[in-house]
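Participant: Could you look at this predicted model? Sequence included:
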Amino acid sequence: ERTSRAIDEMKEITGDKGYFVGMAVQTKSLAEQLAQEMRLIMTLAVVFIFLILCVTTTSWFEPVLFLTVMGAAIVLNKGTNIFLGTVSFLTDNVVAVLQLAVSMDYSIFLLHAYTRYKESGQEQITALTNAINEALNSILASSLTTIVGFLVLTVMEFSIGFDLGLSLAKGVVFSLLTVLLLMPALILRMSPLIERFAHRPFLPDFDGFARKIFKARYAVLAAAVIAFVPMYTAQGMNSYLYGNSAVGAAEGTRVYEDEQKINAVFGRSNMMMAIVPVGSNVTEAEMTDQIQALPYIKSVQSLAGELPEGVPESFLPESVTELLHKNGYSRILLYTRTKDESEAAYQAADEIREIVRKYYPEDSYLIGGTPSTQDIQTVITKDYSFVNLLSNLGVFLVVLFTYRSLAIPVVVMIPIEVAICINMAVPYLAGEKVVFMGYVIVSCIQLGATVDYSILTTSNYIEARKTKGKEEAAIQAMTRSIPAILTSGSILTIVGYVLHFVSTISAIGDLGHLIGRGAFISLILVISLLPAFLVLIDPLLTKNEITRFREWRQRRRDGFHRKRAKIRRKQP
């Protein structure tokens with residue numbers, strides 16, 4: 001607060017003639033700009049979601065029902081953040097819109113099931129009871145996979161992962177609870193309004209579309225297999241941005257504009273700071289001179305370097321010396337001609353650090369934007385491998401225990417993993433850099449949120465196989481699932497692209513682009529690729545492995561008992 005007030009006071013003094021850069025300015029500017037933009041983004045997201053729901057539902061009032069349920073979940077989530085103590089401004093601003101986008105499908109699954117039972121002539125209570133029973137597995141599996149996808153962010157060493165992951169996971173829990181506990185009551189209460197404002201379905205019957213897609217299943221499967229290897233390779237060749245400047249001073253921010261104007265007048269200047277123990281002024285001056293001789297160094301400021309030869313430090317007033325010497329440490333300000341985040345900056349930081357440690361092997365430090373970015377790069381890169389492994393394992397286990405089958409987790413994850421590879425390969429193919437933290441977050445969101453589409457389709461397939469052959473079951477599963485998948489996928493896609501097009505902060509816009517494009521690719525692959533896998537491994541889906549194992553074990557026991565009985569009969 002004091003820092004923020006100080007910046008405001010300085011800006012008040014300089015007016016339009018002053019330009020400010022630095023970490024404190026970046027943080028303050030980003031928080032203010034993001035808070036202002038998120039209000040518009042949330043408003044537009046709600047409007048677009050309302051329009052999508054109007055098209056994909058059969059009553060003008062059903063969108064009100066959906067948004068009421070999700071609104072209650074969002075309020076509960078934001079309200080309970082007080083128990084976390086503090087949350088980052090980034091988490092506080094983006095969680096609500098992401099919660100709305102990733103949790104809407106639970107209520108869609110339930111209402112679509114309820115509508116089917118109502119149309120079959122069942123009474124409200126009976127239809128709602130049957131709908132809950134039918135949708136419960138899909139809703140629980142979908143929500144738990146999303147929760148797991150977010151919770152794995154909390155194990156990151158990078159602290160914003162814990163903050164963001166816990167808030168998002170908590171939001172999904174509240175969304176699940178409101179759908180299962182609040183929504184059934186609202187459906188019964190609002191049923192007269194839903195029926196009063198009913199309209200004809202705008203979506204067509206997808207049976208014909210499903211049959212055409214199903215006919216092309218082998219072509220889609222072949223294309224996916226051919227594309228997977230190059231896409232997987234391409235996603236691993238992305239160029240990343242790691243530091244705070246990738247967000248706080250990204251293109252589109254006020255800080256970026258101020259920095260360009262300052263650089264135009266004074267040239268590029270990247271500040272680092274060496275902290276060393278106070279000792280001999282001669283040693284400090286020698287180190288300063290060696291650093292100053294480096295070709296990329298713009299200037300170096302240290303007390304030893306500024307003092308005239310032979311003049312002791314005690315001659316200067318304490319108000320001056322304590323700026324560079326305090327509490328047993330000496331502060332040396334270094335300015336390079338590099339960007340904060342570049343290979344040249346990293347090389348410069350490494351060379352400077354080596355010189356500092358040559359003169360002060362112990363208790364010396366190099367801090368600043370570039371050293372901080374190097375630390376973040378080391379931590380986040382290590383985090384990603386662990387987070388990616390945990391998120392995949394977590395989703396696999398949730399689906400495994402929900403359906404008691406080893407085959408189902410594999411089949412539901414394949415289209416989503418292919419979609420993630422394609423989504424993350426696009427920046428490399430387009431020659432764009434990606435903010436690595438956004439890459440990690442979107443990977444978890446895309447897996448946790450869009451695997452729901454696969455789970456729903458697979459559940460419908462298993463249900464249809466009770467009465468139909470595998471090909472007809474696949475077509476029926478697609479026909480039943482496509483409306484819900486289109487609704488949910490369109491919402492996540494639209495919310496992502498609203499972030500992309502509305503936010504003037506390029507890093508936030510890029511995050512939205514990854515979310516929107518990823519949801520769209522997942523939607524397409526679940527509809528086109530998943531049916532081929534369902535038919536191919538049908539024997540494994542129609543009877544789960546646990547049941548198979550129990551039956552096999554029972555047959556072994558029965559055979560053993562028959563064999564013993566036969567031996568006994570032969571005995572005299």
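Facilitator: Received the coordinates, thanks.

Participant: Would you list the phi and psi of the spatially closest residue to Gln292 that is not a sequence neighbour?
Facilitator: Excluding its sequence neighbours, the residue lying closest to Gln292 (Cβ to Cβ, 6 or more residues apart in numbering) is Val300, at 4.8 Å. For glycine as for every other residue, the C-beta is placed from the backbone atoms N, C-alpha and C. Dihedral pair for Val300: phi -130, psi 130, per degrees, to the nearest 10.

Participant: I figured Val300 was touching Leu333, is that so?
Facilitator: Yes: counting by Cβ atoms under 8 Å, Leu333 is a contact partner of Val300 at 7.1 Å.

Participant: Against Ile41, how distant is the closest residue to Ser4 other than its chain neighbours?
Facilitator: In space, and not counting its chain neighbours, Ser4 is closest to Lys28: 5.3 Å by Cβ to Cβ, 6+ apart. Separation of Lys28 from Ile41 (Cβ to Cβ, to the nearest Å): 20 Å.

Participant: Looking at Val300 and Leu333, which is more packed in?
Facilitator: Neighbour count, other Cβ atoms under 10 Å: between Val300 and Leu333, Val300 has more, with 21 against 15.

Participant: Local confidence estimate at the more buried one?
Facilitator: For Val300, the model assigns a pLDDT of 89.

Participant: quick one, what contacts it?
Facilitator: The neighbours of Val300, taking Cβ atoms under 8 Å, 6 or more residues apart in numbering as the test, are 288, 291-292, 332-335.

Participant: Can you give me the neighbour number for the residue nearest to Tyr117 when sequence neighbours are not counted?
Facilitator: Once flanking residues are discounted, Tyr117 sits nearest to Ala127: 3.7 Å by Cβ to Cβ, 6+ apart. Counted with other Cβ under 10 Å, residues neighbouring Ala127 total 20.

Participant: what's near enough to touch Ala127?
Facilitator: 114, 117-118, 120 are the contacts of Ala127 under Cβ under 8 Å, 6+ apart.

Participant: Mind listing the residues bridging to the residue nearest to Gln292?
Facilitator: Leu334 (DSSP bridges).

Participant: tell me the SS of the residue nearest the centre of the chain?
Facilitator: Nearest residue to the geometric centre of the chain (Cα atoms, centre = their mean): Ile441, 2.7 Å. The three-state label given to Ile441 by DSSP: H, G, I helix; E, B strand; the rest coil is helix.

Participant: Against Ile485, how distant is it?
Facilitator: Distance from Ile441 to Ile485, counting by Cβ to Cβ: 23 Å.

Participant: got it, and Leu456?
Facilitator: 7 Å.

Participant: what does the domain assignment say about this protein?
Facilitator: As assigned by automatic domain parsing, the chain contains the domains 1-56+206-266+405-534, 537-572.

Participant: any idea which of these is most buried?
Facilitator: domain 1-56+206-266+405-534 (a mean of 19; mean count of other Cβ atoms under 10 Å).

Participant: Quick one: end-to-end distance for that one.
Facilitator: 57 Å (Cα to Cα, to the nearest Å).

Participant: how far out from the middle of the chain is that domain?
Facilitator: 8 Å (Cα atoms, centre = their mean, to the nearest Å).

Participant: cool, and stretch 272-288?
Facilitator: 44 Å.

Participant: Buried ones in that stretch, by neighbour count?
Facilitator: 272, 274, 276, 278, 281, 284-285, 287-288 (16 or more other Cβ atoms under 10 Å).

Participant: One more: stretch 77-85?
Facilitator: Buried residues in stretch 77-85, defined by neighbour count with 16+ other Cβ under 10 Å: 77-78, 81.

Participant: Kindly report the same for stretch 345-354.
Facilitator: 345-346, 348-349, 352-353.

Participant: okay, it in PDB with CA atoms only?
Facilitator: C-alpha atoms of stretch 345-354 as PDB (Å, rounded to 0.1, in the frame of the first residue of the first chain):
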ATOM      1  CA  ALA A 345      20.700 -10.800 -20.600                       C
ATOM      2  CA  TYR A 346      21.200 -14.300 -19.100                       C
ATOM      3  CA  GLN A 347      24.800 -14.500 -20.300                       C
ATOM      4  CA  ALA A 348      25.400 -11.000 -18.800                       C
ATOM      5  CA  ALA A 349      23.900 -12.100 -15.500                       C
ATOM      6  CA  ASP A 350      26.100 -15.200 -15.400                       C
ATOM      7  CA  GLU A 351      29.300 -13.300 -16.200                       C
ATOM      8  CA  ILE A 352      28.500 -10.600 -13.600                       C
ATOM      9  CA  ARG A 353      27.600 -13.300 -11.000                       C
ATOM     10  CA  GLU A 354      31.000 -15.000 -11.700                       C
END
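
Participant: contact partners of that stretch?
Facilitator: 270, 272, 274, 291, 294, 296, 334, 336, 338-339, 366, 368, 370-371, 373-374.

Participant: follow-up on the earlier one: out of the contacts of Ala127, which comes closest to Ser159?
Facilitator: Taking Cβ to Cβ as the measure, Ser159 sits nearest to Tyr114 out of the contacts of Ala127, at 42.2 Å.
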